[in-house]
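*Asks:* got a sequence here, can you build the structure:
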Amino acid sequence: MSQQTEIDLDEGAGLAGRPLADRMRPTRLSDYVGQSHILGPDKPLARALAAGRIHSMILWGPPGTGKTTLARLLAAAVDIRFVQISAVMAGVKDIRAAVADAKDARSRDGRGTLLFVDEVHRFNKAQQDGLLPYVEDGTLVLVGATTENPSFEVNNALLSRTRTYVLRALDADVIRTLIDRALADAEYGLGDRGLAMDDTLRDRLPGRADGGAR
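*Replies:* Model (predicted):
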């Protein structure tokens, strides 16, 4: 069975069964907070998006810093399919299936595909090499996410065909913003429960979050 998942970025069904962090993922890049060093005005990703294109990349950063969310929003911003696989569970067969689907989508409706590989450092050399020709010929825009230094965990051949962006741990102001959003949002967050958070606790929680939004 294929481990790839094509995700409808506008899908809102099944909210009750989804964790809060997943429900609160922004659906527009303008709502994404943090990582201004790569997304701020005139920064590399901002320039690519302004030109209406996106390139293959490795997103390297601690857990909970927005790697998956950013990949989803990049696909939506340039109107291409978002397909996700986990390197923990997927193999060469799943890569081939993702490639075949990407080719079908391009021939059918001219739409590109962003393949998001979570924990890309878990792929072995053969699996990483299996991605190379399709990154080179544009069949796939590859976005790999890793918590490990890609210089040691990702093949040089794949690194040379991607750009590496370092995502930083979220600062206290960003985490407070996310807390406020979750408390206020009645549709996706906790706003319908009438909850309030004491200012002292609200300021203390970011320090316990270890730089992650989850």
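*Asks:* mind giving me the domain split of this protein?
*Replies:* The chain breaks down into these domains under the TED database: 32-168, 171-213.
*Asks:* can you give me the strands in the chain?
*Replies:* Along the chain, counting by DSSP state E, strands occupy 5-6, 57-60, 81-86, 113-118, 141-146, 163-166.
*Asks:* the closest residue to residue 49 other than its chain neighbours and residue 61, how far apart?
*Replies:* Distance criterion Cβ to Cβ, 6 or more residues apart in numbering; nearest residue to residue 49, sequence neighbours excluded, is residue 77 at 5.4 Å. All C-beta spots, glycine's among them, are computed from the backbone N, C-alpha and C. Distance check for residue 77 against residue 61: by Cβ to Cβ, to the nearest Å, it reads 19 Å.
*Asks:* report the contact partners of the residue most central in space within the chain.
*Replies:* Nearest to the geometric centre of the chain sits residue 68, at 2.1 Å (Cα atoms, centre = their mean). If a contact means Cβ atoms under 8 Å, 6 or more residues apart in numbering, then residue 68 has 84, 116, 118, 145 as its contacts.
*Asks:* could you redo the last one with a cut-off of 10 Å?
*Replies:* Shown in contact with residue 68 (Cβ atoms under 10 Å, 6 or more residues apart in numbering): 22, 25, 59, 84, 116, 118, 143, 145.
*Asks:* nearest to residue 158, of these?
*Replies:* residue 143 (12.2 Å; Cβ to Cβ).
*Asks:* how many residues are close by that closest one?
*Replies:* 28 (other Cβ atoms under 10 Å).
*Asks:* over to the one 3 residues further on?
*Replies:* Number of residues near residue 146 (other Cβ under 10 Å) recorded here: 22.
*Asks:* helices or strands up against the longest helix seen in the chain?
*Replies:* Looking across the chain with DSSP state H, the single longest helix is helix 92-109. Applying 3 or more Cβ pairs under 10 Å, 6 or more residues apart in numbering; DSSP states H and E, we find helix 92-109 packed against strand 5-6, strand 81-86, strand 113-118, helix 125-136.
*Asks:* can you do 8 Å?
*Replies:* strand 81-86, strand 113-118, helix 125-136 (3 or more Cβ pairs under 8 Å, 6 or more residues apart in numbering; DSSP states H and E).
*Asks:* what residues of that helix count as buried?
*Replies:* 94, 95, 97, 98, 99, 101, 102, 105, 106 (16 or more other Cβ atoms under 10 Å).
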